[in-house]
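K.L.:
No letters, just coordinates:
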């Protein structure tokens, strides 16, 4: 990849990560203007630089990013903004990059969840609810929605991997 294109993509990924992490924390939203703008920019940059092959590589990253997390969205464990953010990161960074972001964000998100359980909810109550859901999966449950700004985990993961690549 051209050095100039690589720098532009890294700058876009840094902006996308910081802005998405912030808005997810502050407003519980990852804005479509950020994710769709990044997707369109990624497709255009790769297409202009590498033609059809670049376009296809960008599309491949986009679909891998979405496919890695779509099941979590379907199950209600993740928001649509998180899914689009993964797609945008894949579109810009490529398949191997978005897969690394997925692995890191799973670890960071797990740590965030553990911290939430210990500091926001009584630990024993959370464990009891979890066991009840596991052992009685077909009974109707009234379960309080827990919101973790997963965009922060995704954003931190993206920034860590970018930093490691420098």
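P.N.:
Here it is on my side, so go on. Not measured: the values here are computed from a predicted model.
K.L.:
what element comes up after the longest helix along the chain heading to the C-terminus?
P.N.:
Assignment by DSSP state H gives helix 32-74 as the longest helix of the chain. Toward the C-terminus, helix 32-74 is succeeded by helix 80-93 as the next helix or strand (DSSP states H and E).
K.L.:
So residue 161 sits against residue 100, correct?
P.N.:
Yes. The criterion here is CB atoms under 8 Å, and residue 161 meets it with residue 100 at 5.1 Å. Glycine gets a C-beta too; all of them are placed from N, C-alpha and C.
K.L.:
mind checking the SS state of residue 29?
P.N.:
coil (DSSP: H, G, I helix; E, B strand; the rest coil).
K.L.:
Spit out the contact partners of it.
P.N.:
23, 81 (CB atoms under 8 Å, 6 or more residues apart in numbering).
K.L.:
Local confidence estimate at it?
P.N.:
pLDDT for residue 29: 94.
K.L.:
Next, find the distance separating it from residue 147.
P.N.:
12 Å (CB to CB, to the nearest Å).
K.L.:
Same question for residue 48.
P.N.:
Distance from residue 48 to residue 147, by CB to CB: 39 Å.
K.L.:
In the helix or strand that contains residue 159, which residues are buried?
P.N.:
Using DSSP H and E, residue 159 maps to helix 150-165. Of all the residues in helix 150-165, those buried under the rule 16 or more other CB atoms under 10 Å are 150-162.
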